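In: take this sequence and fold it.
(4 chains)
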2 protein chains.
Amino acid sequence: MKRAKADIPLKTMERLVTYRRLLQYLTSEGRVFVFSHELAKLANNTAAQVRRDLMIIGHHGSPTRGYSVRLLTAHVDRLLADHQPSRVALVGAGNLGRAILAHVGFQLPGVTILAAFDSDEERTGRVIAGVRCYPVRELESRVVELGINLGILAVPATEAQEIAERLAAVGVVGILNFAPVPLRLPNGVVVDEIDIGMKLERIALCCQ
Amino acid sequence: MKRAKADIPLKTMERLVTYRRLLQYLTSEGRVFVFSHELAKLANNTAAQVRRDLMIIGHHGSPTRGYSVRLLTAHVDRLLADHQPSRVALVGAGNLGRAILAHVGFQLPGVTILAAFDSDEERTGRVIAGVRCYPVRELESRVVELGINLGILAVPATEAQEIAERLAAVGVVGILNFAPVPLRLPNGVVVDEIDIGMKLERIALCCQ
DNA sequence: GAATGTATGTTAATTTTGTAACATATTTTG
DNA sequence: CAAAATATGTTACAAAATTAACATACATTC
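Out: Numbering: from 1, shown residues only, chains lettered A, B, ... in the order given. Alright, predicted model coming up:
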């Protein structure tokens, strides 16, 4: 009896992404088994929560050895990989945009960055971290041509809204926004903000 | 009867940070009043939640005009600003580190970036986006000297753990980590991860 | 081979968070 | 000046998520 993806709470799904990253790390360290309390420590939550999450996805471990890193990785990978791989474009090849390209690399499971765009013609035509940079006036045609469905926004705050609308207009369904402005988009477009300044302020709060 | 900060749920506090950012945006647009359902749309939540949050902090608006942008800004600012301003250091002045410095700027409310560090001597001695870059061997002395209590980690994954420990050892109580590895730190040190790759994967999940 | 200790799998309870509904107040309009 | 419409402030409700607790199973050791 296989549990459908829809039955898994979103919060658990999100933690599964974290667990996968941690399992990669454990694999690279040569670990073979891992206990729930160890995963919990790494993921900044509790052993009970880890066990509960793994129960939800129907994974089983050994009562004395814990979970097999290899088997658990395979299980989580299978769950997270059953959607078609996402095709991503980055808009804004300035400092931040180029840093993101270099930092994220090009081997994220289930995610491929296929194109970059910039309004500055000096930056276009080049290949940055393996990703070709096009002029932003070709945005619509290239997005359609390449089958892009996700966008990363690393443009100035003043341009974010316009670019977001143009992306949404040609079928992009998810946007990761680094510009510190709220985006107003039609329902059905998922927006996630990474507001670094806000993150800093939040940490400052917690540390008081 | 003033409500103490401890009485305000953390989730509400976090949303307050968002509201403040949105209010800045509304101010820049020249808006004088704002309704709960407008704030909700911008913050990606519901009008009921906005009203509830504002009730919790004891803010009052007009039944017909909504909330005064100016008064609400002042109120939220007062709540968020009653802690002493945080003093921040960035470690790792590579592509991402420099992009962060340039992007965040130097006028975050309650947060000041006072120093950057890098192991590459080529990058040290310079001033990047108004922040002086020191060699990483001076990390401990400069952190103490400048009274740093927060750190931003933009170093390679292989170095993150070591740097984090060195920061924690000299009194840093909060770390914003951009390296895609989990940090193991003593209790009392708040760690927040910004894992861009993971964020992308999460969006890819939601957009299926 | 039995007993013990430890970590899992699961259920239950608590806590927290979010949602809905309704009475109140205020402004505007007739 | 009264009435109507609308958005707030609050309380009660519902849902979700986290935490705790406990029984079960497995490996190790005596």
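
In: buried residues in the biggest helix by length in chain A?
Out: In terms of residue count, the longest helix belonging to chain A (DSSP state H) is helix A:10-28. For helix A:10-28, burial by neighbour count (16 or more other C-beta atoms under 10 Å in any protein chain shown) applies to A:12-13, A:15-26. C-beta coordinates here come from the backbone N, C-alpha and C atoms, glycine included.

In: near chain B at all, stretch A:33-45?
Out: Yes - applying C-beta under 8 Å from any C-beta of the partner chain, one finds stretch A:33-45 touching chain B at A:Lys41, A:Leu42, A:Ala43, A:Asn44.

In: spatially nearest residue to the last one, not counting backbone neighbours?
Out: Counting by C-beta to C-beta, 6 or more residues apart in numbering or on different chains, A:Asn44 lies nearest to B:Val191, which is 7.1 Å off, once chain neighbours are set aside.

In: which SS class is A:His59?
Out: For A:His59, the assignment made with DSSP: H, G, I helix; E, B strand; the rest coil gives coil.

In: wait, isn't it in contact with A:Leu72?
Out: Yes - counting by C-beta atoms under 8 Å, A:His59 does reach A:Leu72; the two are 6.1 Å apart.

In: ok, those two, which is more surrounded?
Out: A:Leu72 (23 against 17; other C-beta atoms under 10 Å in any protein chain shown).

In: please tell me how far that one sits from B:Ala164.
Out: 26 Å (C-beta to C-beta, to the nearest Å).

In: cool, and A:Glu193?
Out: 25 Å.

In: where in chain A is pLDDT low?
Out: A:1-6, A:82-83, A:208 (pLDDT under 70).

In: who's the residue most central in space within chain A bridged to?
Out: Geometric centre of chain A, nearest residue: A:Val111, 7.9 Å, by C-alpha atoms, centre = their mean. For A:Val111, the beta-bridge partners are A:Ser86, A:Leu108 (DSSP bridges).

In: wait, it touches B:Leu200, no?
Out: Yes - using C-beta under 8 Å, A:Val111 is in contact with B:Leu200, at 5.1 Å.

In: hey, what's in contact with both of these two?
Out: A:Ser86, A:Val88, A:Leu150 (C-beta atoms under 8 Å, 6 or more residues apart in numbering or on different chains).

In: what is the nearest of the residues you listed to chain B?
Out: A:Ser86 (3.9 Å; C-beta to the nearest C-beta).

In: who touches the residue nearest to A:Gly105 when sequence neighbours are not counted in this structure?
Out: Nearest residue to A:Gly105, sequence neighbours excluded (C-beta to C-beta, 6+ apart): A:Ala129, at 7.3 Å. By C-beta under 8 Å, 6+ apart, A:Ala129 lies in contact with A:Arg98, A:Leu101, A:Ala102, A:Gly105, A:Phe106.

In: show the buried residues in those residues.
Out: Among these, those scoring as buried are A:Arg98, A:Leu101, A:Ala102 (criterion: 16+ other C-beta under 10 Å).

In: alongside DNA strand D, which residues does chain A contribute?
Out: By C-beta under 7 Å from any atom of the strand, the residues of chain A that approach DNA strand D are A:9-12, A:45-46, A:48-49, A:51-52, A:62-65.

In: please redo it, this time with the cut-off set to 10 Å
Out: Those residues of chain A that sit near DNA strand D, judged by C-beta under 10 Å from any atom of the strand, are A:8-15, A:36, A:40, A:44-53, A:55-56, A:60-65.

In: for chain A, what lies in contact range of DNA strand C?
Out: Checking chain A against DNA strand C by C-beta under 10 Å from any atom of the strand, the hits are A:33-40, A:47-67, A:72.

In: now, those residues that are in helices?
Out: Counting by DSSP H, these contribute A:36-40, A:47-56, A:72 to helices.

In: residues near A:His75, how many?
Out: When neighbours are counted by other C-beta under 10 Å, A:His75 comes out with 20.

In: where's it, which helix or strand?
Out: Assessed by DSSP states H and E, A:His75 sits inside helix A:69-81.

In: what's in contact with that helix?
Out: With contacts defined as C-beta under 8 Å, 6+ apart, helix A:69-81 is touched by A:5, A:8, A:13, A:16-17, A:19-20, A:23-24, A:26-27, A:31-34, A:54, A:57, A:59, A:61, A:109-110, B:201, B:205.

In: same thing but at 6 Å, please
Out: Contacts with helix A:69-81, where a contact means C-beta atoms under 6 Å, 6 or more residues apart in numbering or on different chains, come from A:Leu16, A:Tyr19, A:Arg20, A:Leu23, A:Leu26, A:Thr27, A:Arg31, A:Val32, A:Val34, A:Ile57, A:His59, A:Gly110.

In: ok so, going back, now the buried members of the residues of chain A next to DNA strand C.
Out: Buried members of the residues of chain A next to DNA strand C, counted by 16+ other C-beta under 10 Å: A:33-36, A:38-40, A:49-51, A:53-54, A:56-57, A:59, A:61, A:66-67, A:72.
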